[in-house]
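Undergrad: what would the 3D arrangement of this be:
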Amino acid sequence: MNDKRHIYLIGICGTAMASLAGMLKHRGFHVTGSDAAAYPPMSDLLHELGIPIAQPFDARNLEPRPDLVVVGNAMSRGNVELEHLLDQRIPFCSLPQLLHDEFLRGKEVLVVAGTHGKTTTTSMLAWIFHSAGLQPSFLIGGIAENFGSSFHLGQGKHFILEGDEYDTAFFDKGPKFLHYFPDSVILTSVEFDHADIYKDLDAVETAFKRLVNLIPRRGRIVAFDGVAGESTQSPSLERCLAKAFCPVERYGAGPRANWRVTNLNLASGCTSWTVLHDGQPWADFEFELAGEYNVWNATAAAALAVSCGVPKEAIADAFKTFKSVKRRLEVKAQINGITIIDDFAHHPTAIAGTLKALRARYPGARLWAILEPRSNTLRRRVLQTDLAHSLALADEVVVAGVFRSEAVPEAERLELPALAAEISRNGRRARLLADADAIVETLAPEMRTGDVVAILSNGGFGGIYEKLPARLKQLMESK
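TA: Residues are numbered from 1 along each chain as shown. You can find the predicted model right below:
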């Protein structure tokens, strides 16, 4: 490609799209784009990179005519810019296609895939390789706090990226990760998700089976093998792994785990554990992150890193300095002893992991869960019972109105009164409040010193992350 070409991105504020925009800018392209509404953290990243964001969508944004348009996977027919580029026959492609053609060719590609834990595990893997001096390139579905960025183009041979099973574009309904042709893969889990594009769990499995079947014989898969005290086999995961032609190594607490976690200590302020390799003591690790699920993520990253020649001592050092990812158990504010946590969890399994992590990190605290049903799966009732069980891990539960509920057929839509009733049957009080403003005004006066408030959403949630601390501060000052 000519370094002076103008590339325009429709839906530029998506996490992956903003990262691609930054990578293209670093390669010397002229980059512009548009979105319906820009919001942090990706709008901040684009601003820092000097990449303009046109908003809202408008056909005039495509003037002067770009050389290539990247169409985000959230864009569908009817978008005014998409209709204009089709009418004018402006060349276009998808994000995964351009990523592969421009950045992945010639690299050793390491992909982190699975229903949960992709972003944090990818960040850990990138930090391990960076700390070991391997100068990796990476693309992460969030802002990695160690780097202050979601992407980097390094001089090393490895490209580490998050492999998303969501579809590619309106003209390519296959999963994004099939474009990446990985050399090795971490596979964290296979569960039903993305109810807007997958009919059922069988359809999700088919996508992951195709990914597994792409990995060359010289590569490897590092796959999860269970939590202590729970069933150690995931039938869905096992069916996917049956398609492998490469070695499969397992991590976790299951009996087949090559990389087994023992001596887990989730003490306040520090998490530590021991890894046994094929039954023999291999390494002791520690980091500041909370949550058992982050120990699994880290162990997976360690297993893949050592297979690429990274010494275990370098891995241990990297963990000690690993921070986190924006919007993953991120402390947004502490007002009068009330801790407000922002977490991206938007699936019942992830919500349960987040709330368990906060229980361990803040023992004795009254734990609030404030949920915005925003993801395409969570807005539907398909996982409603699982969601009720997960939310009941908190002491106080508040659920906002379903985001853009009109976009979900009524017969499929999450039933909020029924959800609240299920939570109550699980022994917790659940309240339904319309939006962020109602939540802030109702709940702020009830909160007291020592409370921990987990705000759960994969979007902006009406600015609640700023509004709640401001209201708590106002109440404190008025006393």
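Undergrad: which residues are in contact with the spatially most central residue of the chain?
TA: The chain has T119 as the residue nearest its centroid, 4.5 Å off, counting by C-alpha atoms, centre = their mean. Neighbouring residues of T119 by C-beta atoms under 8 Å, 6 or more residues apart in numbering: 140-142, 162, 325, 328, 344. Just so you know, the C-beta spots here come from the backbone N, C-alpha and C atoms, and that holds for glycine as well.
Undergrad: dump the strand or helix carrying it to CSV, restricted to CA.
TA: Per DSSP states H and E: T119 is located in helix 118-131. Output in CSV follows, covering the C-alpha atoms of helix 118-131 (Å, rounded to 0.1, in the frame of the first residue of the first chain):
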residue,chain,number,x,y,z
LYS,A,118,-9.6,-12.5,26.1
THR,A,119,-8.7,-8.9,26.7
THR,A,120,-6.9,-9.4,30.0
THR,A,121,-5.1,-12.5,28.9
THR,A,122,-3.9,-10.8,25.7
SER,A,123,-2.7,-7.9,27.8
MET,A,124,-0.8,-10.2,30.1
LEU,A,125,0.8,-12.0,27.2
ALA,A,126,1.9,-8.8,25.5
TRP,A,127,3.4,-7.5,28.7
ILE,A,128,5.3,-10.7,29.3
PHE,A,129,6.8,-10.6,25.8
HIS,A,130,7.5,-6.9,26.1
SER,A,131,9.2,-7.3,29.6
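Undergrad: distance from the chain centre to that helix, please.
TA: Counting by C-alpha atoms, centre = their mean, to the nearest Å, helix 118-131 is centred 13 Å from the centre of its parent chain.
Undergrad: can you pull the phi/psi pair for R210?
TA: phi -70, psi -40 (degrees, to the nearest 10).
Undergrad: what's the pLDDT at the nearest residue to it once chain neighbours are set aside?
TA: The shortest distance from R210 to any non-neighbouring residue, by C-beta to C-beta, 6 or more residues apart in numbering, is to L178 (5.9 Å). Confidence at L178, expressed as pLDDT, is 96.
Undergrad: I'd say L178 and I215 touch.
TA: No - using C-beta atoms under 8 Å, L178 is not in contact with I215; the gap is 11.6 Å.
Undergrad: those two: which is more packed in?
TA: Between L178 and I215, counting by other C-beta atoms under 10 Å, I215 is the more crowded of the two (23 against 19).
Undergrad: would you confirm that that one contacts L187?
TA: No - using C-beta under 8 Å, I215 is not in contact with L187, being 10.0 Å away.
Undergrad: between the two, what contacts are shared?
TA: Counting by C-beta under 8 Å, 6+ apart, the contacts common to I215 and L187 are I221.
Undergrad: in what helix or strand does the nearest residue to L104 once chain neighbours are set aside lie?
TA: Leaving aside its sequence neighbours, L104 sits nearest to F159 (C-beta to C-beta, 6+ apart; 5.7 Å). According to DSSP H and E, F159 maps onto strand 158-162.
Undergrad: and for W282?
TA: When elements are assigned from DSSP H and E, W282 belongs to strand 280-287.
Undergrad: strands paired with that strand, and their directions?
TA: Applying DSSP bridges, strand 280-287 is found paired with strand 271-277 (antiparallel).
Undergrad: tell me which residues in the partner strand are buried?
TA: Buried residues in strand 271-277, counted by 16 or more other C-beta atoms under 10 Å: 271, 273, 275-277.
Undergrad: neighbours of E145, how many?
TA: E145 - counted by other C-beta under 10 Å - has 16 other residues nearby.
Undergrad: quick one: contacts for it?
TA: By C-beta under 8 Å, 6+ apart, E145 lies in contact with 323-326.
Undergrad: could you check the pLDDT of it?
TA: Looking at E145, the pLDDT reads 88.
Undergrad: rewinding a little: what's the closest of the contacts of E145 to L387?
TA: Checking the contacts of E145 against L387 with C-beta to C-beta, the nearest one is V325 at 23.1 Å.
Undergrad: quick one: contacts for the closest one?
TA: For V325, counting by C-beta under 8 Å, 6+ apart, the contacting residues are 119-120, 123, 140, 142-145.
Undergrad: against V31, how distant is the nearest residue to it once chain neighbours are set aside?
TA: Setting aside the residues directly before and after it, V325 is nearest to G142 in space (C-beta to C-beta, 6+ apart), at 4.3 Å. Distance of G142 to V31, given as C-beta to C-beta, to the nearest Å: 20 Å.
Undergrad: just L468 next, same as before
TA: Distance, L468 to V31, using C-beta to C-beta: 35 Å.
Undergrad: one more: I12?
TA: For I12, the distance to V31 (C-beta to C-beta) stands at 9 Å.
Undergrad: need the overlap of contacts for the two.
TA: 21, 51.
Undergrad: H116 falls within a strand, correct?
TA: No - going by DSSP: H, G, I helix; E, B strand; the rest coil, the assignment for H116 is coil, not a strand.
Undergrad: how many residues are close by it?
TA: When neighbours are defined as other C-beta under 10 Å, H116 has 21 of them.
Undergrad: for it, give me phi and psi.
TA: Dihedral angles (degrees, to the nearest 10) for H116: phi -130, psi 150.
Undergrad: wait, doesn't it sit right on T349?
TA: Yes - using C-beta under 8 Å, H116 makes contact with T349 at a distance of 5.9 Å.
Undergrad: what residues are shared contacts of those two?
TA: 189, 191.
Undergrad: helices of the chain, residue ranges please.
TA: 15-26, 42-49, 80-88, 95-99, 118-131, 201-214, 235-241, 292-307, 312-321, 348-361, 384-391, 416-425, 436-443, 464-478 (DSSP state H).
Undergrad: looking at these, which is buried most?
TA: Comparing those by mean neighbour count (mean count of other C-beta atoms under 10 Å), helix 118-131 comes out on top with a mean of 27.
Undergrad: now the angle from that helix to strand 158-162?
TA: Between helix 118-131 and strand 158-162, the angle comes out at 160 degrees (axes from the mean of the first three to the mean of the last three C-alpha atoms, to 10 degrees).
Undergrad: can you give me the mean pLDDT across helix 118-131?
TA: On average, helix 118-131 scores 96.
Undergrad: for stretch 250-266, same thing?
TA: In the prediction, stretch 250-266 has an average pLDDT of 91.
Undergrad: would you mark the buried spots in that stretch?
TA: Result for stretch 250-266 [16+ other C-beta under 10 Å]: buried residues 250-254, 257-261, 266.
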